[in-house]
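Trainee: How does the following fold in three dimensions:
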Amino acid sequence: MPDDGCRSVACAGRRTPAEREWIVTLSASVLHDDGVALLTLGGELDLEVLPLVRRSVEEVLQDGLRVVVVDLTGLTFCDSSGLGALLRASRTVRELGGRCLVAGARGPVLRLMSLTDLGRVLELCDDVGVALRAAHAELETPYEA
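Mentor: All right, here's what the predicted structure looks like:
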């Protein structure tokens with residue numbers, strides 16, 4: 001696989017024994033752009049796929065990046081453990097002196113974030129473009145869509 005600055009991984013698991021026919025899938029891809037990591041999540045974010053999110057954030061930090069934008073545009077479901085994963089990711093990045101922006105939450109994911117008042121703890125942006133501009137401003141690098 002060529003080293004083009006992108007990584008893509010997928011994780012699948014089963015929900016409960018009563019729901020064995022339901023396969024839960026989360027995809028995560030990371031794109032590095034002038035010192036900013038764009039972590040794009042798609043599918044369902046729940047307890048079964050948390051290791052994928054943790055590994056993705058760890059890889060970004062190991063690569064030396066300290067400004068992370070988490071794109072939730074493609075996320076269709078998120079439970080409390082998924083919210084916890086986003087909180088841990090943000091805290092981990094901040095503890096290393098970085099900045100973590102969470103962007104693009106829609107539908108039930110946005111509703112859950114609103115109900116739990118995560119905007120007080122996470123840096124939320126309505127859309128990924130806004131988050132990327134803020135991230136590049138942090139690094140004083142120009143952002144071109």
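Trainee: Skipping adjacent residues, who's closest to residue 77 in space?
Mentor: In space, and not counting its chain neighbours, residue 77 is closest to residue 44: 4.1 Å by Cβ to Cβ, 6 or more residues apart in numbering. C-beta coordinates here come from the backbone N, C-alpha and C atoms, glycine included.
Trainee: roughly how far apart are residue 50 and residue 85?
Mentor: Going from residue 50 to residue 85 by Cβ to Cβ, to the nearest Å gives 5 Å.
Trainee: Same drill for these two, tell me which one is more crowded.
Mentor: Shown here are residue 50 and residue 85; by other Cβ atoms under 10 Å, residue 85 has more neighbours (24 against 17).
Trainee: Which residues are in contact with that one?
Mentor: By Cβ atoms under 8 Å, 6 or more residues apart in numbering, the contact set of residue 85 is 45, 50, 53, 54.
Trainee: just the residues you listed now: which is nearest residue 132?
Mentor: residue 53 (19.6 Å; Cβ to Cβ).
Trainee: Which secondary structure state is assigned to the closest one?
Mentor: helix (DSSP: H, G, I helix; E, B strand; the rest coil).
Trainee: quick one on the thing from earlier: out of the contacts of residue 85, what pair is the most spread apart?
Mentor: 45 and 54 (11.8 Å).
Trainee: Who has more neighbours out of the two?
Mentor: The residue with more neighbours, out of residue 45 and residue 54, is residue 45; 26 against 14, by other Cβ under 10 Å.
Trainee: My read is that the more buried one contacts residue 53, right?
Mentor: Yes. The pair residue 45 / residue 53 is scored as a contact, 7.0 Å apart, by Cβ atoms under 8 Å.
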